[in-house]
Structures are given as structure tokens and as C-alpha cells.
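Undergrad: Provide a 3D model corresponding to the input given below.
(2 chains)
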There are 2 protein chains.
Amino acid sequence: MRRVVCMFFILLMSFVSVSAQQNQDSLMIKRISDEIFMNGKAYENLRFLCKKVGPRLSGSAGAALAVEQTARMLREAGADTVYLQPCMVPRWERGAKEIGRASLNNGQTMPLNIVALGNAVGTPVGGISAQVIEVKSFKELEALGADKVKGKIIFYNYRMDPRFISTFAAYGDAGVYRSSGPSRAAALGAVAVIVRTLSPVLDDNPHTGATKYEEGKPKIPAVAISTNGAVELSKAIADGKIGSVYLKTNCKMLEDVLSYNVIGEIRGAEVPAEVITVGGHLDSWDLAEGAHDDGTGCMQSIEIIRAMKALAIRPKRTIRAVMFMNEENGLRGGTKYGEVAKTENKKFIMAMESDAGGFTPRGFGFSADARQKAKIMSWKPLFHPYGALEFNEGGGGADIGPLRPLGTALIGLNPDSQRYMDLHHARTDVFEAVSERELNLGTVVMAAMVYLVSQYGL
Amino acid sequence: MRRVVCMFFILLMSFVSVSAQQNQDSLMIKRISDEIFMNGKAYENLRFLCKKVGPRLSGSAGAALAVEQTARMLREAGADTVYLQPCMVPRWERGAKEIGRASLNNGQTMPLNIVALGNAVGTPVGGISAQVIEVKSFKELEALGADKVKGKIIFYNYRMDPRFISTFAAYGDAGVYRSSGPSRAAALGAVAVIVRTLSPVLDDNPHTGATKYEEGKPKIPAVAISTNGAVELSKAIADGKIGSVYLKTNCKMLEDVLSYNVIGEIRGAEVPAEVITVGGHLDSWDLAEGAHDDGTGCMQSIEIIRAMKALAIRPKRTIRAVMFMNEENGLRGGTKYGEVAKTENKKFIMAMESDAGGFTPRGFGFSADARQKAKIMSWKPLFHPYGALEFNEGGGGADIGPLRPLGTALIGLNPDSQRYMDLHHARTDVFEAVSERELNLGTVVMAAMVYLVSQYGL
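TA: Numbering: from 1, shown residues only, chains lettered A, B, ... in the order given. As a prediction, the model looks like this:
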């Protein structure tokens, strides 16, 4: 009996102590939240990044300016140390505006609203003119066979499936046509591909994004067509109106150039050798301002540094805000960061990435071992007041992926996904599409997680 | 032992049966979701309501057209019965564009970006010219006392508090200056009030909304000033630049006119006398298209009828989609619906309202008795795939409030609130501010709840 009573007291005390601790944490998170909502700089910094820097594809002048300016923002945020981590990046250039048109059998032409896919080769100087064949799937493509595909332009008209609740799931489902479509068509002798834009809305904005040529297959030109354009082209094909299609793209891959990850750090007050990484990617596609992709993730990461400094929080462990270079078409920055991490005499305990838009946060996805996960899950109630209720298995981010083999727990911020694919990689991904409150709320839950890991480790 | 085993089997079987049932429900909800995302009409109907009908303040020609057009939409959605429920509504008119300006001591004038508050009286034909006094709170107002307030224009410059995570909480906190500010200032002899717009963003869009004159107090003119305008005016006052302020508003309350709630119904196949009400309000402020407030709630309610009919679902209980008239400045439609409900020989088991914007759904708020709540809570896991995770105590909607005394369980859809107050009652509340996917996802969770109540009662 005495033992039972004793056990009871031990349990009770540990409960009280957990409660008291969580209450302290809850108050600190509220202070962080108030600081971000009252004095946050992420939104104004984002305005600067979008409007004064603008597009910043790896290797471009915009990317170089972005490196310089985010280093400044990190210094202004009060980071103890700000430095650049060199890495070589690919340099792909779109060149002059693409031309696409279909010659109709009635002698007229129909303009095609296209953009080249990222990393794609350009057409010959005179362009490419060929018959077009529409397929809805790889299965349809394979069924045609080399005889019918040879010399043709393949039009992948796979509609992004609106039935997925997560638009990232729909993106994963449809994205294979953008990534693998060119090589799979080339393997059958196609001369170019047109891929329907990966967007759930019907509009006139073609979305770019990287394609990936398979080793040993011919590299053929590849473009995205706007969703409205895809519908129109499909109809014209079905009506037997199309004679041939002409494509002219001017893109090319140049030599690698030197670029940088931008890093700002608060040195841990007690365990400085344990490092928490929080970041987004600094490069963006060339068509827009890269507001949601991924200006927001970068600005949120800088804001975490700023808020901690403004509140004079001295984290026990080191916190690093990292602007990764070249996520979009090479992942060289993330790869370099992982390589360097291996050589540093430090423990990379947790890495978080925000690269799913600056929308209202719904929660996090985790790639971590069981003990790390259990600790993270014990903090879940602290996120309830901020609506970050979904703590899911799986997740992280492309740039922080290379840290996982070091035992680093990876955490991806999961914002609401409904609007993301409307503007992803399109000219509509601009500052005006970001809500200041949504951006700040995302920062709050990121900062809360970073704070907890910095205090308690993982 | 046998009894224990027996109990175990009973428990097991009931678990299996609940599981099997929930599995069936889960499949049906997925079918509803797919139907709404694949073939939904809410977005195109909303476009029509916003662009072809437009503003529809109670008693206006727009409101009359909205009645006619939503009745058509309900018929096209396949409702078994569509009818209009007459009710008298107030008719307030803004009249010609308001004029506001401050005369500066240097002889110049500063224009004030204002709109009259809804239900407010207008100024005399010649306008009102008076000294302006800024207060940040009622406490500051009362401290001034009648001596200082008499004959003056009171400028309530209370900033909406960004620290609230729910913008509805911030709205509740700041909204008292719009609703009670005029009468409280008038009680001390003020001649007019200027209220800072209820918005978390700094911009040039004044937001209107109803004010409420207190019985027995003088009715004085009342306007909202844009947030940027409030900041500018406050600074000019602090700098001692302002001589006097001139306000001219042309609004007035006219005689009540006949209008309607619009009702479309699917008759219950098994228990038709049990009625589920689902609705939004059809009236909107006169400054904008009333997209989020509350075109979306109306279009979602119609879409529930359409989706059920398209899927040939025959609900056991009666489902009524109701477009309530006059939520904004009188609540006459909701009141009338409640009055008529009392006289109908029916049981109003549940009423749901969507009047918090067409944003991604976060969950529901409930005003219901313990048994009703327990049943609703048992369905919560079914909503998990759709991200509607927050099932909270309290909620419903202004229009369905009058049903609560009948024992009706009230359910309010709670969408994400971050962007709502940016455009609420402002000219920016337009169709373009609505995301088709967010709108549809809201409809899905509403339809799921309506479906479950229609099958199992409450």
C-alpha cells in the first residue's frame, strides 16, 4: 500500500512538474507570439525581397542580391554571427520569351500560352515544328509506341486531380509528367513535350518548375502550357483542327557559378555545440517574385532570430537561420550544408524547413526517431492555441534532407495547402498574395518549436 | 468468467459495428467531397452573385434580385421545394458619397477617408463642423467628461489588437467602439463620431458595419475612417495641426419594406418532420460584392442540396438550405425564420450557419445540450481527413440563434479567420478574394455534418 501511495505521489509530482513547466513554456510562447504580431518584420522584409530583389533563380544577379540583402536582414535582426557558405550552383537561363503556336487546318494560327520548364534545353534556333499528339497518361504514351511517337510533340494533358484534399498530394500525383515526361517521350522518339500546368485552377498563367532528364535519353525541349491553354489545345486536337505545332524556346544551361547559403546564428548559451537549423530557400523561379516559394520561409526564419533577440531570450542551444540556395533546380545549397555539417564538430539535433507557402499553419510533419518523436509529441498541447494541431509522421524539406543521416530530426512546417498550387512557380506568386497575419502565425509556431528544442534538446 | 467474456464480445461487437458504420459514413463523405470538388457549382454561383447581382443591402434592388437569383439556383440545384418566406426589413440608404476633411491650422485641408456606419443617421444638409478629440478607449472618453466632449466630434482610435490569434476575438474586443461608440459619445454631448476601421491591416479601405443607437440617447452621425486615415489623423492631432473637422453624410433609415428569406428543401425520406437548417445570409453591405460576407455561406448551402441530389442521396430527415435576409442590419430574416419555426409542426433538430467567410474550414462551434454534443463529438474522426479538427464549445450564427430556444442544436462553421477582417464590410470583399478550393472544402465539411445529422438524428 505504501508503495502504491508512493508511486501515486511520484506520478502526481511529475504531472505537476510537467504542468508547471508547460505553463512556463506556454507563457513564453505567448510572449513570442505577441512580439511577432506586434513588432514583426517578416512582412516588410518580404516586401523588400519581392519588390526590390524580385526573381532570384540560382546564378542570377537577383540571387546574388538576395544573398547580400538577407545577410543584411539577419544582421539587423540581431544575429550573433552572419556568414555565407559558398557552394557552386547551376545556372539555367530562360532567354527570350518562348513562342508557341498551333497551325490550324483552316490556315489560321492559335497561340499557345507556354513557358519553358526549368533545366530544359532550348529548341534549335529555328524552333521545332511537328505534329502534336495528346496523351492523358504514360500508359497512353506507351500504348502509342515508338512508331507513332517518333518525330512528334507529345502533349501531356493530365489534369491535377481536385479530389485530393492536400494539394501537395495532387502535385505529387501529377508532377511526374513535368519531371519524367520529357525523357519518357524522348525514349520513344518525340522531339518535344508540352506539359499541362500543375495547377488546380483554370487560368492563363503557365507554371514553370524543374524537369529532370534521364541519363542516356535524348534531351528534348519541354514547356508548360497554362491550364486554359491546355483545355483549348485539347479541344482543337479533338476537333481535328490542328495541323502542326511550332515551339521556340531559348533556354540553356550554362556553367556552374559560385553562390552561397546565407546563415545567421544565435550562439547557444549552455550547449552551443548542439545546433538547431531553421530555414527556407532563397532562390526562386524567374517568372515571379517567389513570395510564397519561398520568400516566406526565409523571412520567417530571419524573424525567429529577430523575435528571440528582441525578447532577450538566450537559447541554451545554438539556433541557425539558413537561407538555402538552389532548392528549385539543383539542391546544391542543401547538399553543401549537409556536407559541411558532417565536418563540423557539432551535433545537428533538429532542422526545420518552411517551404510550403506562407499560409496559415496547420501543423508539422516529422522525420525523426521514436524518442525524438515522443518528445515532440509531448509539446503538442502548447501549439493548440495557435491552431497547429496536425502533428504528422513524415516530412521535413528538400534542403534539410541531407541532415537526416546525421540523426537530425527533420521537421517540416505544414501550412494550409489549398491556395499554394494556384500560384506555385507562376507569375502570380507575388507579395500581394501573402497575408501578413498568416505569415506571422506560421512564424509563431515555427519559433515555438525552435524555442522548445533549444531549451530541452531532443 | 462467462459474463466477462460475454461483456467482452458485446463490447467488441459494438466497436466493430461503430467502426463499420463509421467506415460507411467515411466512404459516403468521400463521395460527397469528390462530387463537390469535381462538379461543384458554388464558385460559379458565387461569381454570378458577386458580379451580376452585386451589393444587396436589405431593401435594395440588389437584395430583391438576390432573392430571385438564389431561388433559381436552388431550383437548378434540384431542391424538392423552393419558396420565399416573407419578412419586413429595414431599409437604410447611404446616399451620396460621404465627405470628410480636416481643416489644418496652416490653412490647408486634409481629406478623411470615411464611410458612414450602417444604420447611422446622416448629418444635417450642410454637414457638421466641429473640433475633434481623439480617445483610445471609453475610459478616456469618460475621463474627459461632458464639459470637454460637448459639441465635439469624438475620434475613437482603438487599434484592433493583433495579439489575438482569432481575428473574431479581436473584432469582439474592438467592435464595441463601432456599436456603442456613437451613443456613449452622444450621452456626453458629442455631435458626431469617427471610428477607426475594424481591420488588422493598414490600408485605405474604410469598413462599414452596423452601429446601434441606445434608446433615449441622441442619435448622432457616425463614420468609419480607414486604418491609414486613422493613423494620419491621429498624427495630425498629436502635432496640433488640426483646426476643425467637417463631416457630411447622406445616409438615412427609410420605412421598412417587404423582403424574403429564400428556402430550398430536400424532403426527408423517413422522418420528414425533423428539419435540418443550413444557411448563410443573403444581404450584404452596400460597399462591395459581399463575397465572403456572406455570399460564400449562401452558395455553400445551395451546393449541399446540389451535391446530395447529384449523388441521389435520399436523406432520412429534411434538409433546408436557407438564405437569411437582413443579418447585417436588423436580423429580421433570422428572427422571422425562428418565429415561423415555432408554428410549424416540426422538430428543428439542428441548424448550421456559415457566416465567417469562405476560407479553409478549421472546425465547428456548437451550442447544444450534452446529449447532442456527445453525438456530434462521436463523429469527429470522420472530419479528420478534411482538416476540420477543432470541435469547440460555443458557436452557431446570428441568424440561427432564434432556433436555440426550440432545443435546436446550433453549429457554426469555423473557417480560418486570419484574412477575414482584412476585407470584412469593405469594398475589397469581392469574388476574387475567394479561393475555389477553400470554398469547396468548407462546403464538404458542412455537407458531411448535415449528412450525418440527416442519417442519425441528434
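
Undergrad: how close does A:Leu49 sit to chain B?
TA: 19 Å (Cβ to the nearest Cβ, to the nearest Å). The way it works is simple: take the backbone N, C-alpha and C, and place the C-beta from them, glycine included.

Undergrad: ok, that residue - how many residues close by?
TA: 28 (other Cβ atoms under 10 Å in any protein chain shown).

Undergrad: the nearest residue to it once chain neighbours are set aside and A:Phe48, how far apart?
TA: In space, and not counting its chain neighbours, A:Leu49 is closest to A:Gly295: 4.9 Å by Cβ to Cβ, 6 or more residues apart in numbering or on different chains. A:Gly295 sits 10 Å away from A:Phe48, going by Cβ to Cβ, to the nearest Å.

Undergrad: if you count what's nearby, which of the two comes out ahead?
TA: Comparing A:Gly295 with A:Phe48 by other Cβ under 10 Å, the one with more neighbours is A:Gly295, at 33 against 17.

Undergrad: what sits against the residue nearest to A:Leu49?
TA: By Cβ atoms under 8 Å, 6 or more residues apart in numbering or on different chains, the contact set of A:Gly295 is A:46, A:49-50, A:280, A:284, A:289, A:358, A:431, A:434.

Undergrad: did I read that right, it in a helix?
TA: Yes - under DSSP: H, G, I helix; E, B strand; the rest coil, A:Gly295 falls within a helix.

Undergrad: what is the least confident helix or strand in chain A?
TA: Across the helices and strands of chain A, mean confidence by mean pLDDT, DSSP states H and E is lowest for helix A:2-39: a mean of 76.

Undergrad: quick one on the thing from earlier: distance check, the residue nearest to A:Leu49 against A:Arg332.
TA: Taken as Cβ to Cβ, the span from A:Gly295 to A:Arg332 is 19 Å.

Undergrad: ok, now A:Asp203?
TA: Counting by Cβ to Cβ - A:Asp203 and A:Arg332 are separated by 32 Å.

Undergrad: how about the helix or strand where A:Glu265 lies: buried residues?
TA: Per DSSP states H and E, A:Glu265 falls inside strand A:252-266. Neighbour-count burial for strand A:252-266 flags A:253, A:259-266 (criterion: 16 or more other Cβ atoms under 10 Å in any protein chain shown).

Undergrad: sheet partners, orientation included, of the helix or strand following that strand?
TA: Per DSSP H and E, the first helix or strand lying C-terminal to strand A:252-266 is strand A:271-281. Partner strands and pairing direction for strand A:271-281 (DSSP bridges) are strand A:317-324 (parallel), strand A:347-353 (parallel).

Undergrad: quick one: strand A:271-281 to strand A:252-266, angle?
TA: With axes from the mean of the first three to the mean of the last three Cα atoms, to 10 degrees as the basis, strand A:271-281 and strand A:252-266 are set at 140 degrees to each other.

Undergrad: burial measure for A:His384, as a count.
TA: That count, for A:His384 with other Cβ under 10 Å as the rule, works out to 11.

Undergrad: in the stretch 151-300 of chain A, which spans are strands?
TA: Using DSSP state E, counting those that start in this stretch, the strands of the stretch 151-300 of chain A run over A:153-156, A:192-196, A:222-225, A:242-248, A:252-266, A:271-281.

Undergrad: who in the stretch 251-400 of chain A is up against chain B?
TA: A:360, A:362, A:385-387, A:389-390 (Cβ under 8 Å from any Cβ of the partner chain).

Undergrad: from those, list the buried ones, please.
TA: A:360, A:362, A:386-387, A:389-390.

Undergrad: so which residue is dead centre in chain A?
TA: In chain A, the centroid-proximal residue (Cα atoms, centre = their mean) is A:Asp355; its distance is 3.7 Å.

Undergrad: point out where chain A drops to low pLDDT.
TA: For chain A, the stretches with pLDDT under 70 are A:1-18.

Undergrad: so where do the helices sit in it?
TA: Per DSSP state H, chain A carries helices over the ranges A:2-39, A:42-48, A:61-77, A:138-149, A:167-179, A:181-186, A:227-238, A:296-310, A:332-343, A:370-378, A:380-383, A:420-423, A:436-456.

Undergrad: quick revisit: the strand holding A:Glu265 vs helix A:296-310, what angle?
TA: Orientation check (the same axes, to 10 degrees): strand A:252-266 against helix A:296-310 gives 20 degrees.

Undergrad: could you give the angle of strand A:252-266 to helix A:61-77?
TA: 0 degrees.

Undergrad: could you work out the most separated pair of the buried residues of strand A:252-266?
TA: A:Met253 and A:Ile266 (38.2 Å; Cβ to Cβ).

Undergrad: closest to B:Ile349 out of the strands of the stretch 151-300 of chain A?
TA: strand A:192-196 (46.0 Å).

Undergrad: the residue of the stretch 151-300 of chain A found nearest chain B: neighbour count?
TA: Closest to chain B within the stretch 151-300 of chain A is A:Pro162: 4.2 Å, counting by Cβ to the nearest Cβ. The number of residues packed near A:Pro162 is 20, by other Cβ under 10 Å.

Undergrad: quick one: it from A:Ser199, how far?
TA: A:Pro162 is 11 Å from A:Ser199, by Cβ to Cβ.

Undergrad: and if you look at A:Glu98?
TA: Distance, A:Glu98 to A:Ser199, by Cβ to Cβ: 18 Å.

Undergrad: ok, those two, which is more surrounded?
TA: Legend: neighbour count by other Cβ under 10 Å for A:Glu98 and A:Ser199, higher for A:Ser199 (28 against 23).

Undergrad: picking up where we left off before, and the furthest pair within the contacts of A:Gly295?
TA: Checking the contacts of A:Gly295 with Cβ to Cβ, the most distant pair is A:Gly280 and A:Phe431, at 15.3 Å.

Undergrad: more crowded one of the two?
TA: A:Gly280 (30 against 19).

Undergrad: OK, contacts around the more buried one?
TA: Taking Cβ under 8 Å, 6+ apart, we find A:Gly280 in contact with A:294-301, A:323-324, A:353-355.

Undergrad: over to A:Leu117?
TA: Listed by Cβ under 8 Å, 6+ apart, the contact set of A:Leu117 reads A:178, A:182, A:195, A:208-211, A:222-224.

Undergrad: counting neighbours, which of these comes out on top?
TA: A:Ala224 (33 neighbours).

Undergrad: how close does A:Tyr260 sit to A:Asp80?
TA: A:Tyr260 sits 19 Å away from A:Asp80, going by Cβ to Cβ.
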